[in-house]
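Q: Got a sequence here, can you build the structure:
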Amino acid sequence: MARTGPAGRDTSRFAAPAPRPKVPENLAAFVAYAYSRKGQRVALKKQTIASIGEGPPPADNFKSQIEQWSRADVLLAVPRQLLLAAMPHRSATKVWSMLLDVCLTALRAHPASADLAAHLLSPSTDDECDSVLEQAATANLGHLLDSGTGKPFATAKANALRSNLVHTAVTWLVAARGWKPRLAIASLHRHAWRGGISVPETLRALAEVKDPAPLLAVASAFVEDAQQQRRFAEDAHAREGAALVRLEELEAHASELAAKLAEQRAAYGALTERLATEQREHQNTVSHLKDDYERLRSRILRRLTRELELLDEGMLALRRDPPKVHVMADHGDRAIAGLRDEIRALQSEDSP
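A: Numbering: from 1, shown residues only. Modelled structure (predicted):
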């Protein structure tokens with residue numbers, strides 16, 4: 001209801017403005033402030049950063065407070081806002097480390113993220129980060145109950161809880177594990193952004209966008225990925241062209257080698273045939289030589305045997321009393337003549 005002053009004038013527009021919220025002075029106050037915002041954006045002021053970095057550590061019951069706040073944050077809306085607020089100040093190592101511990105404690109305490117929290121510290125490769133995000137996108141949340149009603153979550157709340165779980169995981173992986181945003185967006189597209197929407201729904205969603213920054217980030221990531229894929233395709237096409245040229249060279253070389261091989265096979269066949277012929281000729285020659293040798297041997301043996309018999313008869317004639325010298329002389333002459341005839345025969349056979 002409008003406030004009126006003298007003469008019925010409306011004075012509500014001149015009322016004192018609401019006091020600005022007090023800047024959190026320490027880590028506990030900042031985390032409490034973030035949870036009081038119930039998932040709305042929070043900012044980490046320089047004064048708060050300085051107070052956290054230079055101030056004493058939180059009280060001993062701070063961890064239990066985080067766990068209580070986390071369980072009260074039914075839709076898991078706050079940890080992601082804490083990470084987003086802290087990311088620009090990662091150079092403040094102490095503050096960044098303390099806020100990571102706060103987020104991890106909150107995720108371990110919340111029933112929807114307790115299992116996932118154990119895997120957030122281990123990923124060191126892109127594939128491992130993708131696996132963790134897939135685990136968040138496919139987590140079984142059907143057993144969880146809405147603390148407000150004590151019943152399973154309604155569809156809208158269940159979708160909101162899963163969306164917060166997935167986007168908290170991807171924010172952690174990008175902020176704390178160094179996952180590239182382009183790869184994170186591609187992984188979200190594979191595991192979380194499922195199903196298509198109609199053209200009217202698409203136009204309605206685009207028309208109702210107030211902040212184009214998310215669309216720009218997603219579009220830039222997909223454009224970069226498409227450009228990279230195009231470069232991969234161009235490189236593959238270039239490699240294919242080089243491979244085809246190389247293939248043609250190898251085919252030409254193979255044809256040359258096939259021709260040379262055919263020539264070598266023909267030469268080998270000719271040499272094999274020649275060798276077989278020479279072997280047959282050699283065998284024939286050896287056979288003839290053996291025959292000649294046997295004939296020569298037989299002839300010489302017969303000659304020697306005959307002449308030896310003449311000499312034996314001559315020696316017997318010499319041993320008689322009185323010795324018959326003329327018989328020995330006759331047989332000796334005949335033996336010598338026979339041997340000389342054999343020698344001349346051998347000499348005539350050796351002559352060309």
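
Q: How many neighbouring residues does Val78 have?
A: 27 (other Cβ atoms under 10 Å). Any C-beta I mention is one placed from the backbone N, CA and C, and that applies to glycine too.

Q: Now the residue nearest to the spatial centre of the chain: which helix or strand?
A: Nearest residue to the geometric centre of the chain (Cα atoms, centre = their mean): Asp127, 12.3 Å. Using DSSP states H and E, the element containing Asp127 is helix 126-137.

Q: in terms of contact, does Leu107 touch His119 like I think?
A: No. Judged on Cβ atoms under 8 Å, Leu107 makes no contact with His119 at a distance of 10.6 Å.

Q: before we move on, back to that, give the buried residues for the helix holding Asp127.
A: Buried residues in helix 126-137, counted by 16 or more other Cβ atoms under 10 Å: Asp126, Cys129, Asp130, Val132, Leu133, Glu134, Gln135, Ala136, Ala137.

Q: Output those residues in a markdown table; the columns should cover pLDDT and distance to Ala184.
A: Putting the buried residues of helix 126-137 into a markdown table (pLDDT from 0 to 100; distance: Cβ to Cβ, whole Å) gives the following:
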| residue | pLDDT | distance to Ala184 |
| --- | --- | --- |
| Asp126 | 90 | 9 |
| Cys129 | 91 | 7 |
| Asp130 | 92 | 9 |
| Val132 | 92 | 11 |
| Leu133 | 90 | 7 |
| Glu134 | 92 | 12 |
| Gln135 | 91 | 14 |
| Ala136 | 90 | 12 |
| Ala137 | 89 | 12 |
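
Q: Compare neighbour counts for Leu107 and His119 and give me the winner.
A: Leu107 (23 against 14).

Q: For that one, give me its contacts.
A: By Cβ atoms under 8 Å, 6 or more residues apart in numbering, the residues touching Leu107 are Ser70, Leu76, Pro79, Ser113, Ala114, Leu116, Ala117, Leu120, Thr168.

Q: Neighbour-wise, give me the winner out of these.
A: Neighbour-wise, the contacts of Leu107 (other Cβ under 10 Å) top out at Pro79, 31 neighbours.

Q: Contact partners for that one?
A: With Cβ under 8 Å, 6+ apart, Pro79 has these contacts: Ser70, Cys103, Ala106, Leu107, Ser113, Thr168.

Q: quick one: average confidence on the longest helix belonging to the chain?
A: Assignment by DSSP state H gives helix 213-319 as the longest helix of the chain. Across helix 213-319, the average pLDDT comes to 88.

Q: Just after it, pick out the following helix or strand.
A: helix 325-350.

Q: in that following helix, what counts as buried?
A: Val327, Met328, His331, Gly332, Arg334, Ala335, Glu342.

Q: Nearest to Lys260 among these?
A: Glu342 (60.2 Å; Cβ to Cβ).

Q: Is it correct that Leu133 is in contact with Ala169?
A: Yes. Look at Leu133 against Ala169 with Cβ under 8 Å: they come within range, at 5.7 Å.
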